[in-house]
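[1] Sequence plus predicted model, see below.
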Amino acid sequence: MKAMTLENAYAQVFAGMTRQGPGSVSSTRKALSLLPSLVDGTVLDLGCGTGASTLVLAAELGRPVLASDVNPASLDAVNARAAEAGLTGRVTTVTASMDAVDQPADSAALIWSEGAVFTVGVETALKHWHPILKTGGIAAFSDLCWFGAERPTDALAFYDDVYPAMKGVEALLAATFASGYRLHAVFTQPDSDWWDEYLAQVVKAVERNRADPDPYVQRVIAICDRELDVMSRFGWALGYAFVIAQKV
Ligand SMILES: C[S@@+](CC[C@H](N)C(=O)[O-])C[C@H]1O[C@@H](n2cnc3c(N)ncnc32)[C@H](O)[C@@H]1O
C-alpha cells in the first residue's frame, strides 16, 4: 500500500472529481476566444488534473494536446475521458511537474494551465515555460488572486497557510511581465466557476471521506472545510484571474 502523504490524501479525497479547481467549460472557451492566432507548434496543458480543460482544448483547437500532471491517477482519468469523448488521438498524457517539463526549446505554440500554477509559483512556472514557447507563443493560465485592497482577516489567515504567495491582480500581471511576457488579455472568472463547478464537488468529496481516520485525509478535509467557510463569507475579496500572455 502507498504511504500516505498530503499529496496522496488530496488524490484520494479529490478522486473522481471531474474538475479539481474552480473553472468551467465556458471560462475555458472564453479564454480560447481571446487568443490571438496561434503560431505553429505544440499545445501543452500543465497541471491538467482530470482533464477538464484538456478536453475543451482538444475539441476546439483541432491540434494534439499534451496533458501533464504529477498525479498519474488523474492522467488515467484524462485518458478515459478523452476516449469517451472520441478524442483519444488528440490527447496524450505524461507525468511531470510543470516546472520540469521535458520539451524542446522553441517548440510550443500554447501552454495552458488552469488553477495549478500556485503549486510551483507563477514566476517559476512562467520562467520554465519561456524557452519552451516559440516567439509569439502564448501562456494562458488562471491563478487565485485578491481582487481589491481588502484582505479580510480570516481569509488572509487561510490563504497564508495554503497559498502564501497569493497576489493581487496587478502584482500577478507584474510577475508575468517580469518573467518575459506581455499581456494579451485578462478576465476574472465568475462565482459559478467556484460554487457550481468546483465547491459542489468538494462538498460531496469531503462527505465521502469524512470518516477516514488517516491524519493526512483529515488535514485535507479540514482545509476543504475552511475553504468552504472562507469562500462563503469572503468570496467577494478574491477569485481566479485568467491571464493570456504572449512571450516577448
Ligand atoms: C487545483 S488542481 C487543478 C487541476 C485542473 N487544471 C482543473 O482545473 O481541474 C491542481 C492540479 O495541479 C497538480 N499539481 C500539483 N503539483 C504539480 C506540479 N508541480 N506540476 C504540475 N501539476 C501539479 C495537482 O495534481 C492537481 O491536479
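    Nice, thanks for sending it over. Residues are numbered from 1 along each chain as shown.
[2] Tell me how far stretch 127-144 lies from the chain's centre.
    Averaging C-alpha positions (CA atoms, centre = their mean, to the nearest Å) puts stretch 127-144 14 Å from its chain's average.
[3] Now that stretch - C-alpha only, PDB.
    The C-alpha trace of stretch 127-144 is given here as PDB (Å, rounded to 0.1, in the frame of the first residue of the first chain):
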ATOM      1  CA  LYS A 127      10.200  31.200 -16.400                       C
ATOM      2  CA  HIS A 128      10.400  27.500 -17.100                       C
ATOM      3  CA  TRP A 129       7.900  27.700 -19.900                       C
ATOM      4  CA  HIS A 130       9.500  30.800 -21.600                       C
ATOM      5  CA  PRO A 131      12.300  28.900 -23.500                       C
ATOM      6  CA  ILE A 132       9.900  26.100 -24.500                       C
ATOM      7  CA  LEU A 133       7.500  28.600 -26.100                       C
ATOM      8  CA  LYS A 134       8.100  29.800 -29.600                       C
ATOM      9  CA  THR A 135       8.400  33.500 -30.200                       C
ATOM     10  CA  GLY A 136       4.800  34.800 -30.200                       C
ATOM     11  CA  GLY A 137       3.800  31.700 -28.200                       C
ATOM     12  CA  ILE A 138       1.100  32.000 -25.600                       C
ATOM     13  CA  ALA A 139       1.000  31.200 -21.900                       C
ATOM     14  CA  ALA A 140      -2.700  31.000 -20.700                       C
ATOM     15  CA  PHE A 141      -3.200  30.300 -17.000                       C
ATOM     16  CA  SER A 142      -5.600  31.000 -14.200                       C
ATOM     17  CA  ASP A 143      -4.500  31.900 -10.700                       C
ATOM     18  CA  LEU A 144      -6.100  32.700  -7.400                       C
END
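[4] buried ones in that stretch?
    Going by neighbour count (16 or more other CB atoms under 10 Å), the buried part of stretch 127-144 is 128-130, 132-134, 137-144. C-betas here are computed from N, CA, C, even on glycine.
[5] Ok, stretch 38-47 next?
    For stretch 38-47, burial by neighbour count (16+ other CB under 10 Å) applies to Gly41, Thr42, Val43, Leu44, Asp45, Leu46, Gly47.
[6] Relative to Lys127, how far out is the third one?
    So the one you mean is Val43. Applying CB to CB, to the nearest Å, the value for Val43 to Lys127 is 20 Å.
[7] So what's the model's average confidence on the longest helix seen in the chain?
    If you go by DSSP state H, the chain has its longest helix at helix 215-234. The average pLDDT for helix 215-234 rounds to 97.
[8] switch to numbering from 30
    Renumbered: residue one is now 30, and that last one reads helix 244-263.
[9] What is it packed up against?
    Under the contact definition 3 or more CB pairs under 8 Å, 6 or more residues apart in numbering; DSSP states H and E, helix 244-263 sits against helix 35-43, helix 182-191, helix 229-238.
[10] how near is Leu61 to the ligand?
    Distance from Leu61 to the ligand, counting by CB to the nearest ligand atom, to the nearest Å: 15 Å.
[11] Surely that residue is within a helix?
    Yes. Counting by DSSP: H, G, I helix; E, B strand; the rest coil, Leu61 is found in a helix.
[12] Which residue is the nearest non-sequential neighbour of it?
    Glu89 (5.7 Å; CB to CB, 6 or more residues apart in numbering).
[13] Backbone dihedrals for the closest residue to His159 other than its chain neighbours, please?
    Excluding its sequence neighbours, the residue lying closest to His159 (CB to CB, 6+ apart) is Gly209, at 4.9 Å. Main-chain dihedrals, Gly209, degrees, to the nearest 10: phi 100, psi 30.
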